[in-house]
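# let's see this in three dimensions:
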Amino acid sequence: MKYENTRKIVLEAILEAVELGLIHGTSGNIALRADEDDVVAVTPSGISYSKMTADQIAIVDLNGKWLDGPFKPSSETPMHTACMRARKDVRATVHTHGMFATIAAMSGELLPVTPPQCEFVPVGIVPFTMPGSNEVADRVVEALGEKGRAVLIKNHGMFCCGKDMKAAMAATIYTEEMAQTAYYAKVAGVFQPMPEEAVRAMKALIEADQAV
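Below you'll find the predicted structure:
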């Protein structure tokens, strides 16, 4: 099997996302750029993730052309490959339809309430655009900018990226957590996001690898 290790990493990540409740059914998709070539392993379209095997993960080039795998790549492949073309630092991407991130996308704002969440802000907001289109791919890339790790897509979900799968999954998990804690805090009437100066200080500690 070509790109066996890369495919296995994608499979492990999608199963983790399902287990954490970030992905349901066949919604959401994950991609990882292979170390050895300019190709990307991406989850296939319309296949149950819970029973998926590594050899069923699709392989595409950086323009999204289907190269290998028994099932066609995710319809959201343009979003994943566009991000990797635009950002040389990005090797892994995760797109989920998490409930709280989707709600936060409709509110138009997402602010951290705990120190670990600070690493992933600012979180850009992308207006609703048809899923799977080049337009939504372009808007996601624009909202991420040069250093962004997470964006929310209105009425759709969340898109996160990282230098490797561990980093991309961390962005996904903490951004969903940020949205969830903010939602419940607002419902309880106690929402108090971290002060901007504290967020900046925390980001600096994390970037310097000095966070506890």
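
# when you work out contacts or count neighbours from here on, use the C-alpha atoms and nothing else.
Fine.

# name the residue most distant from the centre of this protein?
Gly189 (29.2 Å; C-alpha atoms, centre = their mean).

# now that one: how far from Tyr183?
10 Å (C-alpha to C-alpha, to the nearest Å).

# in contact with Pro73, which residues?
Contacts for Pro73 were tallied using C-alpha atoms under 8 Å, 6 or more residues apart in numbering; they are 42-45, 57-60, 66.

# what bridges to it?
Note on Pro73: beta-bridge partners by DSSP bridges are Pro44.

# got the confidence number for it?
pLDDT for Pro73: 97.

# quick one: buried residues of stretch 56-67?
Residues of stretch 56-67 classed as buried by neighbour count (16 or more other C-alpha atoms under 10 Å): 56-64, 66.

# kindly apply the preceding question to stretch 166-176 instead.
Neighbour-count burial for stretch 166-176 flags 167-176 (criterion: 16+ other C-alpha under 10 Å).

# greatest separation within these: which pair is it?
Farthest-apart pair in those is Ala167 and Glu176; separation 14.3 Å (C-alpha to C-alpha).

# show me the strands in the chain, by range?
All strands of the chain, identified by DSSP state E, fall at 29-33, 39-42, 58-61, 66-68, 92-96, 124-126, 150-153, 157-162.

# tell me which of the ones you listed sits nearest to Pro193.
Here strand 124-126 is closest among those (C-alpha to C-alpha), at 16.7 Å.

# what does the closest one contact?
Residues contacting strand 124-126 (C-alpha under 8 Å, 6+ apart): 105, 108-109, 139-140, 143-144, 148, 150-154.

# in PyMOL, select just the buried ones from these.
In PyMOL, a selection of the buried entries from the contacts of strand 124-126 looks like this (16+ other C-alpha under 10 Å):
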select buried, resi 105+139+140+143+144+148+150+151+152+153+154
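
# which parts of this protein are helices?
4-19, 77-86, 99-107, 134-144, 165-188, 196-207 (DSSP state H).

# so who does the residue lying closest to Thr181 once chain neighbours are set aside touch?
Of all residues not flanking Thr181 in the chain, Val113 sits nearest, at 7.5 Å (C-alpha to C-alpha, 6 or more residues apart in numbering). Applying C-alpha under 8 Å, 6+ apart to Val113 gives the contacts 178, 181-182, 192-194.

# burial of Val187, as a residue count?
10 (other C-alpha atoms under 10 Å).

# low pLDDT regions in this protein?
Scanning the chain for pLDDT under 70 picks out the ranges 210-212.

# in this protein, which residue is most central in space?
Central residue of the chain (C-alpha atoms, centre = their mean): Cys160, at 2.5 Å.

# Glu19 and Val94, how far apart?
In terms of C-alpha to C-alpha, Glu19 sits 15 Å off from Val94.

# which of these two has more residues huddled nearby?
Higher neighbour count among Glu19 and Val94: Val94, with 28 against 12, using other C-alpha under 10 Å.
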